[in-house]
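Novice: sequence-free structure coming up:
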């Protein structure tokens, strides 16, 4: 198809129109590919700025701090992150313009302000919308005026604003919007013009080639063609100059990006690196880095085989995201980096070079290693603890038990896991234990102590004493955790001590009774013996006095045994009752 000689654009939408209309589809595809890295960088930088301004929330509106932080960190920043991830999808090209414009509108969300200057932050969103991100003019305009409209609704009906303040803010918002539209219009116009001129140059090149082929047979037309060629070359130079200026505008963004941005060849050389990339790898300038590094794997990889794995992953997946590797900096020190990269291929599918970003994650890696080591130590302590450690959900279902539980109960861990802890508790103590759990939950105590009996796998009864706390996730109670110990021997020792104290009390009481009874019995015995001597010939009283002496002797024997008690034995009595066995107790 012939290249149109004059660029025709729709004044309102800047779409190619008229004889240039056929350029719209290829322009959209080419512009999407060219602006994709820029828009990703814009999303990252925009998210960072937006997140950092959370500090301002705490200063301007401390009473709405949680609301504003929720909007920033739970709504807008995740939305930007989601869009950034979506940008790596093949479907992103269809929805890129609408998605970028939508994220501009989402970034304008704000709660009712503490003062009327808070919404001045919307100006930053407008700047990002119109100039920083590469959003087509119609979409950027729609997003910008939606933000102004939403501000008007909020300032008039939701949080009424004094007229003077509203008028002042409107002046700035509308002015900023109009200037943004002009800037966005100009940027897109020049991008389209650059594209048109590039196509023009390509068409001119074809014309020049055709002209050269015809020179031999059309010598008479040489002068005319030469004049046309000179004109076309001049136009081409103008187009190249315009392209150069356009590239310079974008180059500044990449050169000053915080992330390292690079291009490297399959044989291990860097063909492009920005300043951040050079600093991360320990070089003064990108030029020094690209000159000195001739084999990335040998010179900088701690594990040279990592380069082959990296290339194999890209060959298989097409790109890598978050690929971690350890490298040597120029000074020999080691750091960890996270790499995002893709392969750029020629028309035959051969890889020309890799391009992507990387960032220093050494501190993050050290922190992760520290967390893993702490988790390993904690697990070792728990698994080797002599105390029982277990966790349950709110219904009492066991979600973790350590080996000590297995040793005490006799049940294998797999037999207990997923089952109710109440199944181990003696039947009559299950309800008290549930009440203990409910009380701990309702009173929200830091911890509480409870003793209860369990029945082991062989039917043996054991007593446990446990300290229990609640488990929280995001301020919500999700279960219980407990540290328990077998206190059966301690309770048994306490019972034996109580028995000894009981025996001591019985012996002391018996001694006191014997002491009090002994003297009256001796008096009775003395009188009985005296009467027996006086009335020894009395046939009636004599035998009875003998009986009295016999009974007194028996009572004396009983008191002697009571005073000699050292143990506590019983024997059956009438029915099911039992009485003290004095003979055994006094041995």
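Specialist: That came in fine, so what should we check first? Not measured: the values here are computed from a predicted model. Numbering: from 1, shown residues only.

Novice: What pLDDT does the model give residue 36?
Specialist: pLDDT for residue 36: 90.

Novice: Relative to residue 161, how far out is it?
Specialist: Residue 36 sits 40 Å away from residue 161, going by CB to CB, to the nearest Å. C-beta here means a position set from N, CA and C on the backbone, and glycine is covered the same way.

Novice: who's more crowded, these two?
Specialist: Taking other CB atoms under 10 Å, residue 36 and residue 161 do not tie; residue 161 has more neighbours (20 against 16).

Novice: quick one, domains of the chain?
Specialist: 19-205, 206-255, 260-364, 385-486, 500-585 (automatic domain parsing).

Novice: Helices of the stretch 351-500 of the chain, start to end?
Specialist: 362-383, 403-409, 413-416, 430-443, 488-534 (DSSP state H, counting those that start in this stretch).

Novice: ok, residues contacting the second one?
Specialist: For helix 403-409, the surrounding residues in contact (CB atoms under 8 Å, 6 or more residues apart in numbering) are 383-390, 411-413, 416, 424, 454, 456-457, 462, 464, 486.

Novice: how about a cut-off of 7 Å?
Specialist: Residues from elsewhere that reach helix 403-409 (CB atoms under 7 Å, 6 or more residues apart in numbering): 383, 385-390, 412-413, 416, 424, 454, 456-457, 462, 486.

Novice: by contact count, what packs against whichever strand or helix holds residue 287?
Specialist: Under DSSP states H and E, the secondary-structure element containing residue 287 is helix 286-292. Contacts defined by 3 or more CB pairs under 7 Å, 6 or more residues apart in numbering; DSSP states H and E place helix 286-292 against strand 270-273, helix 275-281.

Novice: mind running it again at 6 Å?
Specialist: strand 270-273 (3 or more CB pairs under 6 Å, 6 or more residues apart in numbering; DSSP states H and E).

Novice: What mean pLDDT does the strand it packs on get?
Specialist: Averaged across strand 270-273, pLDDT comes to 90.

Novice: List the buried residues in it.
Specialist: Using 16 or more other CB atoms under 10 Å as the test for burial, strand 270-273 gives 270, 273.

Novice: Outside of it itself, list whatever touches it.
Specialist: With contact meaning CB atoms under 6 Å, 6 or more residues apart in numbering, strand 270-273 is reached by 262, 263, 264, 286, 289, 290, 293.

Novice: Now do the helices in the stretch 151-300 of the chain.
Specialist: Counting by DSSP H, counting those that start in this stretch, the helices of the stretch 151-300 of the chain are 163-215, 222-255, 275-281, 286-292, 296-300.

Novice: Of those helices, which stretch is the most buried?
Specialist: helix 275-281 (a mean of 21; mean count of other CB atoms under 10 Å).

Novice: Report all helices and strands that that helix contacts.
Specialist: Judged by 3+ CB pairs under 6 Å, 6+ apart, the packing partners of helix 275-281 are strand 260-264.

Novice: strands paired with the strand it packs on, and their directions?
Specialist: Applying DSSP bridges, strand 260-264 is found paired with strand 270-273 (antiparallel), strand 351-360 (antiparallel).

Novice: Out of these, flag the one nearest residue 81.
Specialist: strand 351-360 (15.2 Å; CB to CB).

Novice: which residues touch the closest residue to residue 458 other than its chain neighbours?
Specialist: Spatial nearest neighbour of residue 458, chain neighbours left out: residue 410 (5.9 Å); criterion: CB to CB, 6 or more residues apart in numbering. Contact partners of residue 410, counting by CB under 6 Å, 6+ apart, are 456, 457, 458.

Novice: Which other helices and strands does whichever strand or helix holds residue 33 contact?
Specialist: Element membership for residue 33 (DSSP H and E) is helix 24-52. For helix 24-52, the packing partners by 3+ CB pairs under 6 Å, 6+ apart come out as helix 77-86.

Novice: Tell me the buried residues in the helix it packs on?
Specialist: Along helix 77-86, these residues count as buried under the neighbour rule (16+ other CB under 10 Å): 77, 79, 80, 83, 84.

Novice: any chance of the strands paired with strand 260-264 in CSV, with distance to residue 444 too?
Specialist: CSV is the format used below for the strands paired with strand 260-264 (distance: least, CB to CB, whole Å):
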stretch, distance to residue 444
strand 270-273, 56
strand 351-360, 43
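
Novice: Would you mind saying which of these lies nearest residue 52?
Specialist: Evaluated over those, closeness to residue 52 peaks at strand 351-360, with 17.2 Å, by CB to CB.

Novice: for the record, mean pLDDT for the closest one?
Specialist: Per-residue pLDDT values over strand 351-360 give a mean of 90.

Novice: which residues are contacting that strand?
Specialist: Strand 351-360 is touched from outside by 259-261, 263-266, 280, 335, 337-341, 343-346, with contacts defined as CB under 6 Å, 6+ apart.

Novice: mind running it again at 7 Å?
Specialist: With contact meaning CB under 7 Å, 6+ apart, strand 351-360 is reached by 259-266, 271, 280, 314, 335, 337-346.

Novice: Please tabulate the contacts of strand 270-273 in JSON lines, including the columns distance to residue 378.
Specialist: As requested, the contacts of strand 270-273 are arranged in JSON lines below (distance: CB to CB, whole Å):
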{"residue": "262", "distance to residue 378": "40"}
{"residue": "263", "distance to residue 378": "45"}
{"residue": "264", "distance to residue 378": "42"}
{"residue": "286", "distance to residue 378": "45"}
{"residue": "289", "distance to residue 378": "43"}
{"residue": "290", "distance to residue 378": "47"}
{"residue": "293", "distance to residue 378": "43"}
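
Novice: Cool, thanks, signing off.
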